[in-house]
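Colleague: Sharing a model that was predicted from the sequence below.
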Amino acid sequence: MPYVTENKKKQPANCCLLEDNSSSIHSVLFNTISDATIVTDRNFLVTNWNRSAEEIFEWSALEAIGQSVRSIAEPLYPGTTPEKVRELLFSKGYWKGEIIAHKKSGEAFSTLVSVGIVRDKEGDISQFVSVIKDISKQKKLEEQLRDLNDQLEQKVVAKTNELADVFNRISAGFIAFDKEGNCTHINTSAASFIGGDIKKLIGQRIWEVAPSLFETAFYSAYLEAANGQQQVRVIEYLELLDKWYEAILYPSDQGMSVFFEDVTDKKKGETALAESELRYRTIVETAQEGIWMTDEDLKTTYVNRKMCEMMEYSSEEIIGKTPFSFRNQNDLQDVLDRAQLRKQGKSEKHESQFITKSGRVLYTQVSTNPIFDHEGKFKGSLAMVTDITYLKAAEEEKEFQRRNRDALINSTTDLIWSVSNDYKLIAGNKAFLNSMKGSLGVEPTVGTPLLSSNDVPTHYLNLWKKLYDKALAGLSFKEEINASLETSSPTSWIIVSFNPIFNNDIVEGVACISRDVTEEKLAEQKLKDSEEKYRRAETMGKLGHWELDLSTSILLWSDEVYRIFELQRKQTTPDYNYFIKHVHPEDKEMLQQVHVLSFTGKKSFNLIHRVVLENGSTKYLHEVAEVHNDDKGQPSTLVGMVQDVTEQKLLEEELRLSENNYRVLFEKNPVPLFMVDANTQQFVEVNEAAVKQYEYSYDEFLSMNLWQLRLKDDNSVVQQLLKQHDTETIIVSTARHKKKNGEIIIVKVTSNKIFYKGKHVWLGSVSEITAEVNYARALKEREQQLSLVFNNTISPMWLLKLEDNETFRIEMVNESLSNVLVLSKEEMVGKLVNATLDMKLFSSFAAKTDEAVRSGVIQKYMTARKVKDDQKIFEVAIIPIKDEQQKVVKLLGVSHDLTEQKEAEQQLIQSEEKYKLLFDKSPVPMWIYDVEAMLFLEINPAAIKQYGYSKEEFFTLTLADISVYGNNGFNADINDEDCRNKFIGTAMHRKKNGKIIRVDISVSTIQFENKRAQLALLIDRTEQENIKDNLITTTKELRELASHLQNVREDERTNMAREIHDELGQQLTGLKMDIAWLNRKLIKQDENVIAKIKSSLQLIDGTINTVRKIASELRPSILDDLGLADAIDWHSHEFCKRTAIEVLFFSEVTEMKFAPKVSIALFRIFQEALTNVARHSGATLVQSSLKKKGDDLILTISDNGSGFDLQELNQRKTLGILGMKERVAILNGKYEISSQPDNGTHVSVRIPLSS
């Protein structure tokens, strides 16, 4: 069986190499392929014939192998020849196509054949492989499908003709005339229009049967259509029937077809809706409350002008969205619950908060009412929205002042307090109370006398009394006071601000702020001796100055130029090459040419070019330069000014694009237009307005026909176009179309046949008239909405009709007006104004109504009136309503209660004055900045003093300019949800003189000048942080010293152990050998001598053991020889021998040795722990383990002793435990000890081996 091998020679793309292979896998694969697979030699004799080939051709493999393919299959080549097939096969290396083959039985069938060439290793053709697929069934299915399509096409044509016939017979009213003017067909509706019997009218000239028709517009239209052979449309009122009819006359060669439609309701609806719409629009658009309407899905269908003003959105931006889109996310459930109440038919009033376009919170009072259609189905809601932000702002301002006052007073280290006019404490912040407690021993409370302490010198109390009296006299001042009570104490200074507290011009007390300025006075003295004058900032025009030395190419930049290039002075030293490098590539050649002329002194320049900054961004620069000559008249310096005009250039580009867009928009027709083929109704062309109206893309339109726009039961437009196929007439018809999104719209289509691109097409213009068809329904709903708006608004409203005698009659009033005038609706509606109201009390009203009628312009005035014993302030608007002739026929009056708004404005002014005083007088640096732009909005004098910038300079900076790190200056994102309203943290700031300071920041979110802002309190903690950093550095150095001493101590122990073991041990051993030698040489008769020698030998043995023990204690050799685990195990046994306390040690460590510092530290900790057990615990059992977990080595020691109180241990600061902790800390490890009385002690040590 052939199989594919790697082609080592370059072959044609679809060639492969086959070699003989008897592999069973390839054999199975070859015989299980569903298509016939035939392999032939180079002479096209069959060499392989699979099972599928046997089934398709009905020849067995034995019969086929060795035969010619042509003689077996007898192939036919439709559309080509065998020679052509062979030519393509040899040129391309493959061939694929359809042929007709024959089975063994002679039956012909269609096949799809793919033939490929097989080459041997030398690249010569050795075989051909053919894959043959039987496609005869597929061919039959294709033929059946073509027949089915033909049948369906015939049925569609027949059905279309049938529908066209039905359409021609169905209408509201229909008359058909022959070319002689005789009636050939008429239905009941048309007969009622003519006024005759159907049977009598058929075959007659209706003008003779009903002569009254000669005087009608219908007869004139008939003559016009007959003479002009053009469609005519006419609308006529029949007084006899009291109805309006619309007739459309379609002339033809056979006569004329006339369609009638009763449009009485439509005409009445148009009139009524126009009047209602005028009243409705006038009321809702001039209402002082916002009006918000939603449908049953909570989507906005309408908002009035006032609502748009309140929300700062256009109506287009609001309509289609749910009110929830303008609410806080947390209010979703509340919105849904209230929507459910509307569906249940319940109205309610409630307060609600909206988010305006600028992000401002809009506080409102909402009166919501459900809307139902004529069938009682819920259609949506209507809400009257009143802006109560002024009231809420006043309430929040009070709360804000309280919170800010408390935060400001208690977050500062300065002392803040107030005293009454009898020198008693009114209030004080935490810092003041703590200070007084430190001085008096008792924390003062409200009412505590401040000038009667026995612990304070009399002269000091007299000084404070004198200062209090000065402030109680109405003076605000600052006083620097020496706060040292004792002459022997170090001098300390404070600055105290004294401000009188007024109540109606009467001083009731004094508010004081004290700040410790001791360090500042000392620093100020040093600063006066060493600090240089500040260099003034560049002008506020943002013009940078530069100078280029033409001889050295050295380029000098001012600070503004560095700012333009977004560089720091210390960041780079610019020269001419650096500048040219950053010029935009497209501007570089032009600029260099200009420079060449300038360098030679021939020309100054004034131009705009681009530069590319280090961060990749592009800026536009406007540069003006001139050449300065030296004493010899030669160009020496090029001096110039540069300004960043990027924003200006971008605006110019936007303006250019805007003009192009406007030109395109102007040239295009806003009316939807289309062209359809006169024969096929296929769309040929559509404009953008049509694409927009129907929401199909341009390409989608061109793939459609006109049938696909209409509803299944609406063929009006298409039928008209088919009917008028051979005429040049204009066709006007209405139809219901479906947009791409499924929305049904009613349209009027005006079609005209034209010649376009070589063929006849219908040019159609489409006008949507859905609203006109729905007049009646819209009128009813509008009247319902008008009633809801008019009667539910909290503003008094009334509608006056101008009588012929120039008097006014009251048509409508709402409940709010009834409450204000204390008159019922029945007492006012239908009555003349001057008969209902005492015009002497309403002189301004009378004058403004007359002026509104005369000028036709809205009149407004302010008035005050008592309502239920309360004096109210109203703004009244008189709005003229005009008819079609622009004559004033009615007046709409709207009165808006401004009492609470005026009171809130007054309270807000007073509150702002108090806040301003607290902000400006505070010794704590503070600023207010815009949350979005990070621009400074207000700076107090303390901040100006701390940072060195003037207020005007602050207003040109952002927080990023002050911050060292270039962000918002904080160590956390203050815009995070968790930090949105309150934030406390630290930041690194740069003062004007370049000094870096560390400040503590307390931030609170506030409303400032109607925008969201943040108030920041900033306290300089630079000195404290420097002390802290020095302490950390010192601690680190001490720890390193302790580590060094540990190493030195261990080295000394090792040396001592070695010296004792090697020197003293050897000497004792030699001494023992000498005495033993003497013992052998002496005459053993003197028993005393023999006993003494024996005793000396025993003493030497004991001394040797002691020497070995001391050496082991100093440095056990087993620790170096066998490793940590064996050393701990050995020490455990030694400890057990000495103390009789059982020690169980378990080791899970396989390594013998670790880093010496790790092994020594753990062994010493183990020694110290066992020493503590022996001395203090009274334990009988100690359990210890050594194991390795990850990269950590862990040692644990536990005993069953008496335990102890850890708090007492911490107070005693035992040196043993401190030593263990220090050893662990040096290795970056973790030491833990736990113990309780009577429950033993547990010590755990974890050392990272990577340390």
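Modeller: Perfect, I can see it now. Numbers count the residues shown, from 1 in each chain.

Colleague: My guess is Asn741 contacts Glu695. True?
Modeller: Yes: with contact defined as Cβ atoms under 8 Å, Asn741 counts as touching Glu695 (5.7 Å). From N, CA and C alone the C-beta is placed, and that goes for glycine too.

Colleague: Looking at these two, which one has more neighbours?
Modeller: Glu695 (12 against 7; other Cβ atoms under 10 Å).

Colleague: so what's that one up against?
Modeller: Applying Cβ atoms under 8 Å, 6 or more residues apart in numbering to Glu695 gives the contacts 739-741.

Colleague: out of those residues, which one sits closest to Lys945?
Modeller: Asn741 (64.8 Å; Cβ to Cβ).

Colleague: which stretches of the stretch 451-600 of the chain have low pLDDT?
Modeller: Scanning the stretch 451-600 of the chain for pLDDT under 70 picks out the ranges 485-490, 523, 525-542.

Colleague: where exactly do the helices run in it?
Modeller: Under the criterion DSSP state H, counting those that start in this stretch, the stretch 451-600 of the chain contains helices at 458-472, 518-530, 559-564, 576-581, 585-599.

Colleague: will you turn these into TSV that also has mean neighbour count?
Modeller: Below are those laid out as TSV (neighbours: other Cβ atoms under 10 Å):
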stretch	mean neighbour count
helix 458-472	15
helix 518-530	11
helix 559-564	18
helix 576-581	14
helix 585-599	14
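
Colleague: Out of the contacts of Glu695, which comes closest to Ser110?
Modeller: Ser110 lies nearest to Lys740 out of the contacts of Glu695, by Cβ to Cβ, at 42.5 Å.

Colleague: so that closest one sits in a helix?
Modeller: No: per DSSP: H, G, I helix; E, B strand; the rest coil, Lys740 lies outside any helix segment and is coil.

Colleague: wait, doesn't Gly1123 sit right on Val1158?
Modeller: No: using Cβ under 8 Å, Gly1123 is not in contact with Val1158, being 11.1 Å away.

Colleague: Can you check which residues contact both of those two?
Modeller: Shared contacts of Gly1123 and Val1158, defined by Cβ under 8 Å, 6+ apart, are absent.

Colleague: Now for the residue nearest to Leu556 when sequence neighbours are not counted: which residues touch it?
Modeller: Nearest residue to Leu556 in three dimensions, chain neighbours excluded: Glu547, at 4.6 Å (Cβ to Cβ, 6 or more residues apart in numbering). Counting by Cβ under 8 Å, 6+ apart, Glu547 touches 555-556, 637-640.

Colleague: What's the ChimeraX syntax to select whichever of the residues you listed are buried?
Modeller: With 16 or more other Cβ atoms under 10 Å as the criterion, this ChimeraX line picks the buried residues out of those:
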select :555,638,640
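
Colleague: Between the contacts of Glu547, which sits nearest Leu249?
Modeller: For the contacts of Glu547, the nearest to Leu249 is Gly640 (81.7 Å; Cβ to Cβ).

Colleague: Next, find the distance separating that closest one from Ile564.
Modeller: 13 Å (Cβ to Cβ, to the nearest Å).

Colleague: And for Gly320?
Modeller: For Gly320, the distance to Ile564 equals 45 Å [Cβ to Cβ].

Colleague: do Leu650 as well
Modeller: With Cβ to Cβ as the criterion, Leu650 and Ile564 are 16 Å apart.

Colleague: and if you look at Lys1081?
Modeller: Taken as Cβ to Cβ, the span from Lys1081 to Ile564 is 107 Å.

Colleague: so what's Arg1246 up against?
Modeller: 1192-1194, 1229-1230.

Colleague: That one falls within a strand, correct?
Modeller: Yes: per three-state DSSP, Arg1246 lies within a strand segment.

Colleague: What residues are bridge-paired with it?
Modeller: Counting by DSSP bridges, Arg1246 forms beta bridges with Ile1194, Lys1230.

Colleague: Kindly report the same for Gly764.
Modeller: Beta-bridge partners, per DSSP bridges, of Gly764: Phe674, Ser751.

Colleague: number of nearby residues for it?
Modeller: 22.

Colleague: In contact with it, which residues?
Modeller: Contacts of Gly764 (Cβ under 8 Å, 6+ apart): 673-676, 717, 749-752.

Colleague: can you check Ser636 too?
Modeller: Contacts of Ser636 by Cβ under 8 Å, 6+ apart are 549-551, 628-630.

Colleague: State the helix or strand in which it lies.
Modeller: strand 635-644 (DSSP states H and E).

Colleague: between the contacts of Ser636, which is closest to Thr37?
Modeller: Leu550 (85.6 Å).

Colleague: my read: the closest one touches Phe599, true?
Modeller: Yes: using Cβ under 8 Å, Leu550 is in contact with Phe599, at 5.7 Å.

Colleague: got any residues that touch both of these two?
Modeller: 635, 638.

Colleague: remind me which residues of the stretch 1101-1250 of the chain are low pLDDT?
Modeller: Ranges of the stretch 1101-1250 of the chain meeting pLDDT under 70: 1107-1109, 1111-1122, 1152, 1208-1215.

Colleague: where do the helices sit along it?
Modeller: Counting by DSSP H, counting those that start in this stretch, the helices of the stretch 1101-1250 of the chain are 1117-1121, 1124-1139, 1156-1172, 1206-1212, 1215-1226.
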